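Q: Structure for this input, please:
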Amino acid sequence: MKDNAIDESEKKSTNQLLDKIPDRPGLYRHSVNRTYYGRKKIGGKRKEKSLETTDRAIAERRLKEWVENLAKIDREFEKTTLEELFEQFKATRAGKPKHTLATDAGIVKRLKETWHLAPDVQVSSIKVSDCARWLSAMGKGLKPASYNRYAAYLVQLFKMAVADRIIAKSPLESQTTWKRPVRKKPTIPTREQFQAIVANIRQQRFNADAHDSADFIEFLGLAGLGQAEADSLTWEAVDFEAGTLSLVRKKTNENFTVPMDAALKPWMERLRGRAVSSAGLTGKVFQISDGKRALNAACQRLAFPHFSQRNLRQMKIVALLRAGVSAKTVAEWQGHQDGGKLILDTYSEVLSANDAAYQQSELAKYAAFLSPIR
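A: Residues are numbered from 1 along each chain as shown. I've put the predicted structure just below:
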């Protein structure tokens with residue numbers, strides 16, 4: 001008899017096997033496997049969902065959440081596929097820089113190749129575990145920074161799906177598993193190496209841009225600024241009376257001011273003298289926009305490490321910090337708006353690690369502080 005009952009149940013659909021729970025509207029229970037189901041009529045159409053539990057209390061909680069979420073979804077878009085969501089998200093990011101779009105395209109390509117879900121899967125059916133499973137697999141082959149880019153892309157992708165009412169809740173709403181990037185200790189030139197590099201660039205007699213390149217590279221190290229900021233600097237933004245440079249940080253488009261110190265100001269005055277005798281003090285300060293090639297060639301000729309233009313800026317920042325200038329002030333001179341957090345995070349290792357001289361100087365400050373107390 002029992003076998004006959006099972007055979008009969010197998011002939012029935014899930015719908016036929018659901019028994020209504022009398023005292024709870026919308027709650028049903030499968031007569032065979034005892035799993036609870038939810039039913040709700042929306043827009044004239046009946047929706048049905050397995051609540052994936054045989055526990056009554058859990059089922060009621062999940063039913064309530066499911067019904068609330070149904071009201072948040074636009075029926076017109078509820079069948080949107082992952083492929084369609086990729087295309088929609090791509091359209092919203094059309095104005096991003098080329099390198100960002102290239103990164104997005106690479107992420108989508110990798111997703112399609114490696115995710116266990118097919119591109120034609122409905123977004124509404126993607127679970128938290130689906131995302132966790134894929135990110136876990138990717139985490140084994142990606143560097144922390146790359147892993148974070150993949151995770152951030154998915155977070156933004158599903159956030160847009162929620163905003164467009166394709167889904168009620170993102171499967172990555174509680175994503176907190178970000179990987180801490182491994183920061184490499186910057187390779188910063190010494191003052192002597194920096195001076196040797198500038199001199200070597202100037203000595204290239206067969207390079208028509210030798211002096212312009214040397215000026216550009218020397219400015220980066222003396223001012224502690226980036227290539228983009230140096231390229232945009234105009235003579236109108238140089239105030240010799242106040243001793244300041246007015247710039248715009250390219251990454252954030254924020255205005256900031258850099259004081260010309262005892263080394264930079266006389267150097268700028270000499271540069272001004274040469275400019276007046278040639279083209280006059282109008283327009284851009286520098287005749288080139290990037291000194292990368294000249295810097296690379298000089299490092300190779302001198303058998304130095306491969307210093308970047310960023311390393312020259314870092315050289316000045318480290319010098320300021322070692323001289324006792326606060327991280328907050330240095331951050332302001334870099335056009336940062338975080339009160340020095342990024343500066344401290346980036347240069348803490350450079351200022352401690354194996355730098356015995358720096359450690360002794362810091363201990364000396366503490367000793368000076370204690371001496372009046374003794």
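Q: Kindly provide the distance from A237 to R24.
A: 71 Å (Cβ to Cβ, to the nearest Å). C-beta: built from backbone N, CA, C; applies to glycine.
Q: Oh, that last question was meant for R272, not what I typed.
A: R272 is 83 Å from R24, by Cβ to Cβ.
Q: And F89, by the same measure?
A: To R24, F89 is 39 Å away according to Cβ to Cβ.
Q: out of these two, which sits in the more crowded spot?
A: Set F89 next to R24 and count neighbours by other Cβ atoms under 10 Å: F89 wins out with 19 against 14.
Q: What residues does the more buried one make contact with?
A: Going by Cβ atoms under 8 Å, 6 or more residues apart in numbering, F89 touches Q156, L157, M160.
Q: Quick check: the last one vs G139, distance?
A: Taking Cβ to Cβ as the measure, M160 and G139 are separated by 24 Å.
Q: now swap in the second one and tell me
A: Applying Cβ to Cβ, the value for L157 to G139 is 18 Å.
Q: cool, and L344?
A: Distance from L344 to G139, by Cβ to Cβ: 28 Å.
Q: One more: L320?
A: 38 Å.
Q: cool, R202 as well?
A: 48 Å.
Q: Tell me which of those two has more neighbours.
A: R202 (18 against 15).
Q: give me the element the residue nearest to that one when sequence neighbours are not counted is part of.
A: Counting by Cβ to Cβ, 6 or more residues apart in numbering, A214 is the residue found nearest to R202 once chain neighbours are left out, at 4.3 Å. A214 is part of helix 210-223, with elements assigned from DSSP states H and E.
Q: Any chance you could list what contacts that helix?
A: Residues contacting helix 210-223 (Cβ under 8 Å, 6+ apart): 189, 194, 197-199, 201-204, 207, 225-227, 230, 245, 258, 260, 263-264, 267, 271, 285-288, 290-291, 293-295, 309, 312-313, 315-316.
Q: Please spell out the segments of the stretch 151-300 of the chain that come in under the pLDDT threshold.
A: 175-177, 181-184, 277-281 (pLDDT under 70).
Q: can you map out the helices along it?
A: 191-202, 210-223, 227-232, 264-278, 292-301 (DSSP state H, counting those that start in this stretch).
Q: tell me which element the residue most central in space within the chain is part of?
A: Residue closest to the average C-alpha location in the chain (Cα atoms, centre = their mean): R149, at 6.8 Å. Assigned by DSSP H and E, R149 belongs to helix 144-163.
Q: Let's see that helix as CSV, backbone CA atoms only.
A: Taking Å, rounded to 0.1, in the frame of the first residue of the first chain, the C-alpha atoms of helix 144-163 are listed here in CSV:
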residue,chain,number,x,y,z
PRO,A,144,43.9,40.7,-3.5
ALA,A,145,43.4,43.9,-5.6
SER,A,146,42.0,41.9,-8.5
TYR,A,147,39.7,39.9,-6.3
ASN,A,148,38.3,43.1,-4.8
ARG,A,149,37.7,44.5,-8.3
TYR,A,150,35.7,41.4,-9.2
ALA,A,151,33.7,41.5,-6.0
ALA,A,152,33.1,45.3,-6.3
TYR,A,153,31.8,44.8,-9.9
LEU,A,154,29.3,42.2,-8.8
VAL,A,155,28.2,44.3,-5.8
GLN,A,156,27.5,47.2,-8.1
LEU,A,157,25.9,45.0,-10.7
PHE,A,158,23.3,43.6,-8.3
LYS,A,159,22.8,47.0,-6.6
MET,A,160,21.7,48.3,-10.0
ALA,A,161,19.3,45.3,-10.3
VAL,A,162,17.7,46.2,-7.0
ALA,A,163,17.4,49.8,-8.0
